[in-house]
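>>> Please work out how this folds:
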Amino acid sequence: MNSELKTNVNVKSVFSRVGLAAAVLGVVVNLVQMIIITIFNVVNPAFESNGWFRYLLIAVSFYLIGFPICCLILKSIPDGPKREEENLTFGGFIKFFLISYFIMVLLNLFTMGFILVVGKVKGADIVNPLEGVISNSSIWATIIFAGILSPIIEEVLFRGVMLNKLRTYGDKIAIITTALLFGLFHENFSQFFYAVGLGMIFAYVTLKTGTIKYSIGLHIMINMMGSVIGTKVLSSNTATMIFGVVVWIFVIAGLILFIKDFKKTSLLPGEVTIEKGHILSETWLNVGMIINLIISLALMIYVLIA
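Numbering: from 1, shown residues only. Model prediction:
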């Protein structure tokens, strides 16, 4: 097969286009939100602190504008080889949920330590942008947007479109690349690390089963646990304590399952092989990816120090 020829000619341009699509997505989403906020501030500045308004901003800028533009940029990249769908049993789905939850909590603890250190250096608390949106929103707005719509659109884009385009170059490269892009997409360090970890699990499940329906289900459950139950439903000390116990049961179960299943993980090679010494230069050291890295990291640092 002409794998070597394809590698030399096409790989860098493919990954550059993926990076460019991610960069355009970030720019469009932020630009549209800035324009809408500016317009509404003229009418009534109080709109900006309204939870429904913040979620609708995301819906318009990401779901309706950024997402279609990103997909359009990626359209010219051929899809990877079609895989047969494999059904996950209920037990298998719960296993991946518990592993996902363990990964999220583990990386969240790391993030808290990182944010604490940066806050000490800065001399002020670091605010998670998502917390402000959720705290000012009704439970129904949070369920609809953070709990259901965002997971669906994000999975379609990152584990559907992007992963499908990149699995030609092997599962490992496709998983790591889409997970990192998913983390950078959140544009803040409060979510970056656990978003990357979850992105890897969701991508693996998608490749293993040949469908995004399970990653959508996992993403919805994770967001419901964190954004809805963890922040909106619990209203008493007793309920919070019970939830805390449940969380640690999930974490311990997830840790055990992760250790047990890690060695069983199987990743398929791609139709196109990238030589080990050239993986970084082919996949990340290209114009599109570098532009996306600069824009995303600049926004993340700004959120951190602002």
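>>> Low-confidence bits of the stretch 1-150 of the chain, can you list those?
Confidence mapping of the stretch 1-150 of the chain against pLDDT under 70 gives the ranges 1-9, 48-49.
>>> and with 90 instead?
1-10, 37, 39-55, 80-85, 118-142 (pLDDT under 90).
>>> ok, which stretches of it are helices?
Using DSSP state H, counting those that start in this stretch, the helices of the stretch 1-150 of the chain run over residues 3-6, 12-43, 51-58, 67-74, 90-122, 129-135, 139-141, 150-154.
>>> Nearest to G244, out of those helices?
Comparison of the helices of the stretch 1-150 of the chain against G244 by Cβ to Cβ identifies helix 90-122 as nearest, at 11.4 Å. Glycine gets a C-beta too; all of them are placed from N, C-alpha and C.
>>> can you pull the contacts of the residue most central in space within the chain?
For the chain, the residue nearest the mean C-alpha position is F182 (3.6 Å; Cα atoms, centre = their mean). F182 sits next to E154, F158, A195, V196, L198, G199 when contact means Cβ atoms under 8 Å, 6 or more residues apart in numbering.
>>> coming back round to it: switch the helices of the stretch 1-150 of the chain over to a markdown table; also include distance to S281 and mean neighbour count.
Output for these, formatted as a markdown table (distance: least, Cβ to Cβ, whole Å; neighbours: other Cβ atoms under 10 Å):
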| stretch | distance to S281 | mean neighbour count |
| --- | --- | --- |
| helix 3-6 | 15 | 14 |
| helix 12-43 | 8 | 18 |
| helix 51-58 | 35 | 19 |
| helix 67-74 | 22 | 17 |
| helix 90-122 | 28 | 16 |
| helix 129-135 | 34 | 16 |
| helix 139-141 | 44 | 16 |
| helix 150-154 | 28 | 20 |
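>>> for the closest residue to L207 other than its chain neighbours, what are its contacts?
Nearest residue to L207 in three dimensions, chain neighbours excluded: D171, at 5.3 Å (Cβ to Cβ, 6 or more residues apart in numbering). Each residue near D171 by Cβ under 8 Å, 6+ apart is listed here: Y204, L207, L267, L268, P269, G270.
>>> name the element the fifth one belongs to?
Read it as P269. P269 belongs to no helix or strand when elements are defined using DSSP states H and E.
>>> so it makes contact with R167?
No. Contact criterion Cβ atoms under 8 Å: P269 and R167 do not qualify, at 10.3 Å.
>>> Look at the two and report which has more neighbours.
R167 (24 against 11; other Cβ atoms under 10 Å).
>>> Which residue, other than its chain neighbours, is closest to that one?
The shortest distance from R167 to any non-neighbouring residue, by Cβ to Cβ, 6+ apart, is to G80 (3.8 Å).
>>> Check whether the one you found really touches M162, as I assumed.
No. Assessed by Cβ under 8 Å, G80 is found out of contact with M162, at 10.8 Å.
>>> ok, the two, which is more surrounded?
Taking other Cβ under 10 Å, G80 and M162 do not tie; M162 has more neighbours (24 against 20).
>>> Show me the shaky parts of the stretch 201-306 of the chain.
226-244, 246, 262-266, 270-271, 273, 275-277, 303-306.
>>> And the helices in it?
Secondary structure of the stretch 201-306 of the chain, counting by DSSP H, counting those that start in this stretch: helices at 213-223, 237-262, 279-283, 287-305.
>>> Of the ones you listed, which stretch is the most buried?
Mean neighbour count, computed with mean count of other Cβ atoms under 10 Å, is highest for helix 213-223 among the helices of the stretch 201-306 of the chain, reaching a mean of 21.
>>> for it, packing partners?
Using 3 or more Cβ pairs under 8 Å, 6 or more residues apart in numbering; DSSP states H and E, the elements in contact with helix 213-223 are helix 90-122, helix 150-154, helix 189-209.
>>> mind putting the ones you listed in JSON lines, distance to L20 included?
What follows is the helices and strands packed on helix 213-223, written out as JSON lines (distance: least, Cβ to Cβ, whole Å):
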{"stretch": "helix 90-122", "distance to L20": "28"}
{"stretch": "helix 150-154", "distance to L20": "19"}
{"stretch": "helix 189-209", "distance to L20": "19"}
